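**Student:** Give me a model of this one.
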Amino acid sequence: MRFTRTLAAFALAAFAASTWARTAFAQLHPVEQGNKSPVISYEISFPNIVHHEAEVTAVFTSVPPGTLHTRMARSSTGRYALHEFAKNVYALKAVDSKGRQLVVTRPDPYGWDVAGHDGTVTVTYTLFADRADGTYPGFDAVQAHIQPQGTFLYARGFELRPVSVTIHRPNPAWTIATQLVPTSNPETFTAPGMQYLFDSPTHVGAIQWREWTETSGGRTLKFRAAVEIAAAAKYFAGIRPRRQYTVVEATVVPRSYQAGGLYARRPGDETEPLGDRMMEISDNIEHHEMRDPTRRSRSTCGRERSRRGANSQSPRGPTARRAARYAMARSCAVEPAARSARRSRESRRSICCDSWSVSGRKHATAP
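**Tutor:** Numbering: from 1, shown residues only. Predicted structure coming up:
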């Protein structure tokens, strides 16, 4: 199953105000006021967007002598949950103003130290992003969703420097929705510093714009909303569902071990009784963890005997029974008629499972 994407209706409101509001807004942005502080320049392009990759360039000038400590954020803006965005960065290189290759070291999994520079450091890297949501960036054939904290590395001690961001659109017909400050170049935007940049999610795609004005307190405010509906609807309508789970009813299963949210098959041909359990056994745990859509998980279901029987094997107590029912799936793999016949013939109830994956996690709901 595909990973979590942005909603079909992605809305981003960009605020533009009257002359009074514009004046107040400009006071917050040193870049617009002609701030002479060295600007950190970012560029992002998407030559391999079909494989969820972007090429990012960051240029740091007027770097003091010594080591430049660059890092990726470890937490998400607003949520502040730990996410380790550095895990999606690779092929990182650094050069000086003359194009001379610089030595890059890794002091920890989250940073890159650059030494031997001449006051200018240009860092380039490839970013993988396939999970577009409120925390992670995501790039594909219909969108480039940029979450800055998961996209742009920063340098320690440079957080207050003004920032310039140039976004090379993969499709010239796409437009850019962001709260970053626009410039005369439709692909270049500015921010007063790293905090503002990280608080500015940006969406690039086939956006439809809606504008309206509101009057409040004698001031006229102009609002713009970016809505992406048609492109998303067309894209998702063209995706053919792919079955990734095989549901099996059995009393004996391959011997397995617990691997995260499901079970993995142990080497060999050993088996074990299933009992009243529900199990998900991946045919290939390595491919499953890498979210390979060509691999299936096998959901194996046991049976729970009718509580009316003398030899009932139901979970003991109402709380345990409710928990067991919740762990089962909402539908059975057995045809309704066959299921009904079996129930009347054997006076017992089939408990079956039908699971699905969302962002690599397993879910099951009660019937």
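
**Student:** Convert stretch 137-157 to PDB, retaining C-alpha atoms only.
**Tutor:** The C-alpha atoms that make up stretch 137-157 are tabulated as PDB, following Å, rounded to 0.1, in the frame of the first residue of the first chain:
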ATOM      1  CA  PRO A 137       8.300  16.000   3.200                       C
ATOM      2  CA  GLY A 138       7.200  13.900   0.200                       C
ATOM      3  CA  PHE A 139       7.900  14.100  -3.500                       C
ATOM      4  CA  ASP A 140       6.200  12.200  -6.300                       C
ATOM      5  CA  ALA A 141       4.700  12.700  -9.800                       C
ATOM      6  CA  VAL A 142       1.900  14.900  -8.600                       C
ATOM      7  CA  GLN A 143       3.400  17.000  -5.800                       C
ATOM      8  CA  ALA A 144       6.500  18.300  -4.000                       C
ATOM      9  CA  HIS A 145       5.600  18.700  -0.400                       C
ATOM     10  CA  ILE A 146       8.400  20.400   1.500                       C
ATOM     11  CA  GLN A 147       8.500  20.300   5.300                       C
ATOM     12  CA  PRO A 148      11.600  22.500   5.900                       C
ATOM     13  CA  GLN A 149      12.800  20.800   9.200                       C
ATOM     14  CA  GLY A 150      13.000  17.500   7.300                       C
ATOM     15  CA  THR A 151      14.400  19.000   4.100                       C
ATOM     16  CA  PHE A 152      17.100  21.700   4.900                       C
ATOM     17  CA  LEU A 153      20.100  21.200   7.100                       C
ATOM     18  CA  TYR A 154      21.300  24.100   9.200                       C
ATOM     19  CA  ALA A 155      24.600  25.300  10.700                       C
ATOM     20  CA  ARG A 156      25.100  25.800  14.400                       C
ATOM     21  CA  GLY A 157      25.500  29.500  15.200                       C
END
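
**Student:** Pull out the buried positions in it.
**Tutor:** Counting neighbours by 16 or more other C-beta atoms under 10 Å, one finds that the buried residues in stretch 137-157 are 137-140, 142-155. Just so you know, the C-beta spots here come from the backbone N, C-alpha and C atoms, and that holds for glycine as well.

**Student:** I'd like the list of the residues you listed that fall within helices, please.
**Tutor:** Nothing among those maps onto helices, per DSSP state H.

**Student:** In strands only, show me these.
**Tutor:** For the buried residues of stretch 137-157, the ones inside strands are 138, 139, 140, 143, 144, 145, 146, 154, 155, with DSSP state E as the criterion.

**Student:** So what sits opposite the nearest residue to the last one once chain neighbours are set aside in the bridge?
**Tutor:** Right, the one you point to is residue 155. Distances taken as C-beta to C-beta, 6 or more residues apart in numbering put residue 70 closest to residue 155, at 5.1 Å, once the chain neighbours are dropped. Note on residue 70: beta-bridge partners residue 112, residue 155, judged by DSSP bridges.

**Student:** What are the neighbouring residues in contact with the closest residue to residue 151 other than its chain neighbours?
**Tutor:** If you skip the residues right next to it in sequence, residue 151 has residue 137 as its closest partner in space, 5.0 Å away by C-beta to C-beta, 6+ apart. When contacts are counted by C-beta atoms under 8 Å, 6 or more residues apart in numbering, residue 137 touches 54, 127, 129, 131, 145, 146, 147, 150, 151.

**Student:** you'd agree the third one is up against residue 85?
**Tutor:** No: under the criterion of C-beta atoms under 8 Å, residue 129 makes no contact with residue 85, lying 9.6 Å away.

**Student:** What is the neighbour count of residue 203?
**Tutor:** Using other C-beta atoms under 10 Å, residue 203 has 22 neighbouring residues.

**Student:** What of residue 128?
**Tutor:** Other residues within reach of residue 128, judged by other C-beta under 10 Å, total 16.

**Student:** contacting residues around it?
**Tutor:** Taking C-beta under 8 Å, 6+ apart as the definition of contact, the neighbours of residue 128 are 52, 53, 88, 90.

**Student:** Let's have those in a markdown table, adding distance to residue 183, pLDDT and secondary structure.
**Tutor:** Listed next are the contacts of residue 128 as a markdown table, based on distance: C-beta to C-beta, whole Å; pLDDT from 0 to 100; DSSP: H, G, I helix; E, B strand; the rest coil:
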| residue | distance to residue 183 | pLDDT | secondary structure |
| --- | --- | --- | --- |
| 52 | 28 | 95 | coil |
| 53 | 26 | 96 | strand |
| 88 | 28 | 94 | helix |
| 90 | 31 | 94 | strand |
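
**Student:** Quick check: PyMOL command selecting the buried ones in those residues.
**Tutor:** Applying 16+ other C-beta under 10 Å to the contacts of residue 128, the buried members can be selected in PyMOL as follows:
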select buried, resi 52+53+88
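
**Student:** mind checking which helix or strand residue 234 is in?
**Tutor:** helix 230-237 (DSSP states H and E).

**Student:** following that helix, which helix or strand comes up?
**Tutor:** For helix 230-237, the succeeding helix or strand toward the C-terminus, using DSSP H and E, is strand 245-249.
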